[in-house]
Structure formats: structure tokens, C-alpha cells
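Asker: Sequence and predicted structure, then a few things I'm wondering about:
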Amino acid sequence: MNYKLKLLTVLLALLAVANVLWGSLDIPVRDVWHILCGGEVEDHPAWSIIVLQGRLPQMLTALLTGMALGTCGLLLQTAFRNPLAGPSILGIDSGANLGVAIVLLLLGGTASIGSLTIGGHLLVIVAAMAGALSIMSLLIILGRLLHSGVMLLITGVIISYVTGSIIQLLNYSATEQGVFSFVMWGMGNFASVGPERLPVFCILCVLGLLLALLLIKPLDALLLGDRYAENLGVRIGRVRQLLLLVTGLLTATTTAFCGPISFIGLAVPHLARLTLGTSSHRTLMPATMLIGANLALACNLLSTLPRDGSLIPISVITPLIGAPVVLHVMLGQNRNTGI
Amino acid sequence: MRRLKLPLVALLFPLALLMACSGNRSEGSSGQGDTLLFRHARNLTVVTYPDRMEVTMRNPWDTTGILGSYRLSTPIRNAAVFGSVHCALFHELGADDAVGGICDLEYINQPEYKEGVAKGRIANLGNSLQPNIEQIINLNPDALLPSPFENSGGLGRVERLGIPVIWCADYMESTPLARAEWIRFYGRLVGKAERADSIFDAVEKRYQDLCSKVRNTKSRPRLLPEMPWSGQWTLPGSGSSSAKLYADAGAEYLFAYLEGSGGIPLSTEKVVDKAVNADIWLIKHHGKLDRRQMVADTPLLANIKAPIWWCDTSVSFIYEETPFHPERLLESLITILHPELDVDATYNYFKLLTVED
């Protein structure tokens, strides 16, 4: 195993532990340890649930979200040969946004199908998932008609604009509470996956990540160009469809459960390339997963920095880390092309 | 010569301003004005004359500054009202005829106004944050009554129409009675001074009677308000009128230590640690509430064992009625917090959340 991958694994373990030990509430380390060993702190009955049902699932959610979004970015950047491609560029997360906007801004947070009425975060998850998967299906259909990757990217951007304008229209006539809920959802939150929903979240993410690992070989072939890849026996159309399915599944899952988390998908593959200095997906894919997880865990830790009990929204922190990376890449490209 | 000009202008400008101010005063005073004495409101100064009133509003976000200073011909006959709260107020004052246009029609519950818009008697001015300027010009109102918010940047082009913009900053008063007392100003604006005074006197008396009843009790149930959204729990600061209302209702507000007069966001972790000791949990929520779903969404809430009293704001008139009738909200809270006082409440905005809900 590459020593850099080993270092990233050690860092991941440290950050995971730090995420359980450190939160917005000061709980002494020995008490956290005591709780993790099955004990309870007599004077503070709430601490057990805070650690076991709050911090542990939150840590796992951040870890898997970071892995998933980083992987999505890598898949898309390779497939479309575009260093600025990311999960948001295809409009899949815009679809999730639209689903949530319809539920929160138009329906007021509850929906009834026959005698079944659902509301709260469950409805948000269902709506985001439905929105993201609808856009993904649309892209898969269009992918068959449009044989150029660039055209598909442009379609994704157009979809984002259209969904954005529908959301603005919904926002314009929504209630104060509806707008507030939608804004809060848009800030991203790793704490929204409790133990009850964690298994579903984990299964979907792990499934998507495993499928992504199966794409390593064709992705390496794609680096050599579509024609060369075809000569090697890679069925470009099918790979692109599978790739859309994987990125769609991962983006839909993470956006539905945690809200839109920007920049991780865009920045992490570049960080992985800069760290490893390779473009081989055999090493790049695991590194992207590890760096994505590390970055998400670090952002989750940073969100608890204000010691007055408030939180910094995740979507505020990720661009602060992601933006310099993207700038670095763009400036690097500028230098190479001499523009 | 040019060097001389600047100091001369600097000297003459304040002098000219002084003369202009005093000139205005003597010109406008057709008789002796009466200064309206406010017993609770702090951000408002009103001097009334038989045919007009002079109003100065202190800037609630910068109390050294002025939010607005107006000389208004009264009563106004054709106002553009921007919010449902003030529509409800004008309706209560019996001044429906003074409302010529309204914004945010979808939030207004008064059937008279909805019908007025449908029949074309009242103009629909669109969204309150971006009102329809053509409709406003067409309406040619005596005054616009929007609600301000900090650093809002004003109403843009609308303010340049020359129509007086009366900022309804009542909600920035620091106590419930102070906000309610603005009804006396609004009453004078529409020529319903007596009615407004009598409504406020009744509000004040009932509110203070309820406060004195609560003062005689020793128990102070620990109160937890609101619920988390996306991991953040926004709680009223100790200087807010909500915190004042909780104290008046005889509650021990668990987060009374939070400084500030607005909403303070805290992490769920931080709130839950303290909220395990709550006796009453009070939630305003748009739509149905389900405790099991709340815990599924935010597992940490399983720690809070306090009974939930909730108000469904999608069907309740709590937002329309209580800003100018805080005694209704107070009696509603006292019924929950101190049932032993048996305050004979007419209004009860909250109900106990049960499994059936």
C-alpha cells in the first residue's frame, strides 16, 4: 500500500475519533470513553444519547458523504475530461433542491398520498431523492441521444438553470417558515442522519462506492481517449450510463440526507492528484475516497468551532477549503496553456 | 477666493438648516399640538394636531438614529398596507375603508380584504419585499405602511414616488405591551383614536392583571421554546419580547442567559443538554407535529421528556392577533404554565401534543 494512502488512513482514524470526542458541548474525554464502553454519566443522562445517537452517526455520515462526493467528482472529471466537473454540474443536486423546494415551499412540509401523510425530514429525504433520480433518469435518456460528453454537460447546466428559476418562483410566494426551512436545509448538515436512518444511508453509499470501484479499469482506459478506449474493448456508451447511475445514486443519497454540500466533489479529486501525483484510478480512487472523508470530517469539526454553542453551517466551510484548490488548478492550467 | 468659499459654506449651511427647520415648524403649526404620552412604547414620538400628526420613529437597530420623521395629514383614507398583522389591526379598528391596497394577499385571512381584492375595491400590490410599482402609482395612496428589517435597503424606486413611507417598526419594541401600544399611533393615523385607546387600555389592564396573578404564585415551570431545524435551534435572547412574555407568564426560561433581543442559534447538542430539565416544551409549527417523527429526524430529542404544547400556525391566528393583543398569548401561556390559577382564558393557541396527534 502506498505510504501516502497509509498516512491518509491514519489521519482518517484520528479525525473520526476527534469527531466523537469534540462537539459543540464540552463533554470530558473520559466521560465520552466511559459512554462508548457502555457506561452512563450519572449527573448528565443526556450525554449518552448525545455521544451514541448524535456524534457517532454524525461522524459516519460525514465520512461516507465525503467519500461519496469526492468519488462523484473524480468519475465526472475523468469521464468528461473536464477539471471543473463536479456532482453539481450535471444538475442532479439541483433536482434534489427542486424536490425539497416543492415540499417545503409549496406543500408546507407535509404531503399526503391517499391515507398516508408524511412530513418532517423523512419527506425531505423522499422529495430530494425523487428530484435527483428524476434528473438522473432524464440525463441517462439524453445521454443515449447526445453522443458528446460536452453536450451532456451543457444539458446539465441548463437543467440547473431551469430548476433554479422554478425554485426562485416558489421562494417568492412561500411562507416565512417555508423559506426559513429551505434555507436551513440548503446549509447542509451531517447531523440529520440519526441511527434509525443510518443503515439505509450507509447501504446506499456503500453500494454506490462499490460500483464506482468497478469502474476503475474503464476509467483508466478513458484517460487515453474515447477511440483508444474503444479499441481496448471499453463500451463507452455503457460506461457513461453506468457512471451517470453511480454519480446519480451517490449525489442523490448525500443531498437527500445531508442537504447540498458544495465543493467537496469538485476539490477532492484535485487534492488527490496533487497529493499522489498520479492519474491512475487504481490509486487515485481510494485516495479520493480517503481525502473526501478526511475533508468532510475536518469540516464537521470546524463547524463546532464557535464555543458559544452555535454552529457554522457546513456549506459555509466547504467552499472556504474548496475554492483555493479550484483556483490553484485553474492557475496551473493557465500557466500550462500560456493563456 | 475659492479658499474662502468652503469655510463660508460650512458656516452658513447649519445656519440655513436651522432656519429651514424653524421655518417649517412655524409654517405647519396651525394650533397647539398634543404630545401623545406612551406608557410602554419607546421608539415612537407622536404630536397630534386637529388635521395632522408629526411622528418621529427612533431607529431600533441604532437607537441614536432616526428611522423616520413624518408630518402626515390625518386621517389617512387610502393606505397601502404591507402585512397581514396590520391588516388585522385596521380591521379591528374598524378602518377597513382606509385600506386601499395590500401586499402578500395569500397570507391575509380577513375575508373582507380578500373579497375587496376580488371585487377590485382593494388593489393587490404583490409581494411586500418587491411591491408592484405600477399598481402603487395607480392607487396613489396617502401612505405606504411596510415593515422594516435591519439593513433592508428600503423600498428602492417606490420610495422615490413621494408617497410617505411609514415604517411599521412596532415589532422591534422590547416588551409585548410596548409593541401593542403602537395601536394608539395607528388608531390616530386612521382617525380612530378613541377606539384605539380603549382597545389598548383593555389590553394593558388584562395583561397587568394576569401578571399580578402570576406574581403571587411560587412555582416557576422550566420552559423550553421552539424546535431545531437542520441541527440549529434558534432561541429568543433574554432581551426579546418573547423572553419578557415567558417571564410575565411565570416561567423559568431555560435559556434566559442568552444575550440579545433577536433569535440566537445554538447547536441541538447544547440545547438538549439543558432541555432535559424542561417542564414544558412550547412549539409553534406550520402544519401537523408528530413527536415520533421529530425524534426520528433528530434523535437527541429523545432526551427531552417534557410535554409538548404546540400551536399549528397554518390554522391558528396567533401571528395576526397576538402582536397587538399580547394579553391573549399571555393568558394562553398561563393556562399551560399555571393551571392552578384558573385564569378563565378565552384564547388558547396551544394544545397538548398527544399520540393521536
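Answerer: Structure's in. What do you need?

Asker: neighbouring contacts of stretch A:187-206?
Answerer: Stretch A:187-206 has contacts (CB atoms under 8 Å, 6 or more residues apart in numbering or on different chains) with A:52-54, A:57-58, A:60-62, A:64-65, A:67-68, A:121, A:125, A:249-250, A:253-254, A:257-262, A:296, A:300, A:313-316, A:318, B:230-231, B:268, B:295-299. Placement of C-beta: from N, CA and C, glycine included.

Asker: Any buried residues in that stretch, and which?
Answerer: The neighbour-count check on stretch A:187-206 (16 or more other CB atoms under 10 Å in any protein chain shown) flags A:187-194, A:197-198, A:201-202, A:204-205 as buried.

Asker: cool, stretch B:310-320 as well?
Answerer: If you call a residue buried by 16+ other CB under 10 Å, then stretch B:310-320 has these buried ones: B:Trp310, B:Cys311, B:Asp312, B:Thr313, B:Ser316, B:Ile318, B:Tyr319, B:Glu320.

Asker: Would you mind checking the contacts of stretch A:187-206 for buried ones?
Answerer: Among the contacts of stretch A:187-206, those classed as buried by 16+ other CB under 10 Å are A:52-54, A:57-58, A:60-62, A:64-65, A:67-68, A:121, A:125, A:249-250, A:253-254, A:257-262, A:296, A:300, A:313-315, A:318, B:230-231, B:268, B:295-299.

Asker: list the contacts for the residue nearest the centre of chain A?
Answerer: By CA atoms, centre = their mean, the mean C-alpha position of chain A lies nearest to A:Leu69, the distance being 3.6 Å. Contacts for A:Leu69 were tallied using CB under 8 Å, 6+ apart; they are A:Pro87, A:Leu250, A:Thr251, A:Thr254, A:Ile261, A:Ile264, A:Gly265, A:Val268, A:Gly292, A:Ala296.

Asker: For whichever strand or helix holds the second one, what is the distance to the chain centroid?
Answerer: Secondary structure here is read from DSSP states H and E; on that basis A:Leu250 sits in helix A:236-258. Taking CA atoms, centre = their mean, to the nearest Å, one finds helix A:236-258 lying 11 Å from the centre of the chain it belongs to.

Asker: same thing with stretch B:301-311?
Answerer: Its chain's C-alpha centre and that of stretch B:301-311 lie 27 Å apart, by CA atoms, centre = their mean.

Asker: Show the average pLDDT along that stretch.
Answerer: Here stretch B:301-311 scores 93 as its mean pLDDT.

Asker: ditto for stretch A:217-229
Answerer: So the average pLDDT for stretch A:217-229 ends up being 83.

Asker: For that stretch, C-alpha coordinates in CSV please.
Answerer: What follows is stretch A:217-229, C-alpha atoms only, in CSV (Å, rounded to 0.1, in the frame of the first residue of the first chain):
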residue,chain,number,x,y,z
LYS,A,217,-10.5,-0.1,-15.3
PRO,A,218,-12.7,1.6,-17.9
LEU,A,219,-11.9,5.0,-16.3
ASP,A,220,-8.2,4.4,-16.8
ALA,A,221,-8.9,3.4,-20.4
LEU,A,222,-10.9,6.6,-20.9
LEU,A,223,-7.9,8.7,-19.9
LEU,A,224,-6.3,7.6,-23.2
GLY,A,225,-9.2,9.0,-25.2
ASP,A,226,-12.6,7.5,-26.4
ARG,A,227,-11.2,5.9,-29.5
TYR,A,228,-8.3,4.2,-27.8
ALA,A,229,-10.7,3.0,-25.0
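
Asker: now what about that stretch, what contacts it?
Answerer: Contact with stretch A:217-229 is made by A:Leu75, A:Thr78, A:Ala79, A:Leu232, A:Val234, A:Ile236, A:Val239, A:Ser279, A:Ser280, A:His281, A:Arg282, A:Met285, as judged by CB under 8 Å, 6+ apart.

Asker: Just the buried ones from those residues?
Answerer: By 16+ other CB under 10 Å, the contacts of stretch A:217-229 give A:Leu75, A:Thr78, A:Ala79, A:Val234, A:Ile236, A:Val239, A:His281, A:Met285 as buried.

Asker: Between all of those, which two are separated the most?
Answerer: By the measure CB to CB, A:Ile236 and A:Met285 form the most distant pair in these, at 19.3 Å.

Asker: so where's the chain shaky on pLDDT?
Answerer: Just going to use chain A. A:1, A:112-119, A:329-330, A:333-339 (pLDDT under 70).

Asker: Chain B is the one I meant
Answerer: In chain B (pLDDT under 70), the answer is B:1-31, B:149-159, B:355-357.

Asker: near chain A, which residues of it show up?
Answerer: For chain B, the residues in contact with chain A (CB under 8 Å from any CB of the partner chain) are B:106-107, B:127, B:229-232, B:264-273, B:276, B:286-288, B:290, B:293-300, B:302-303, B:313-314.

Asker: Could you list which of those belong to strands?
Answerer: If you go by DSSP state E, these have B:Asn127, B:Gln232, B:Ile264, B:Pro265, B:Leu266, B:Ser267 in strands.
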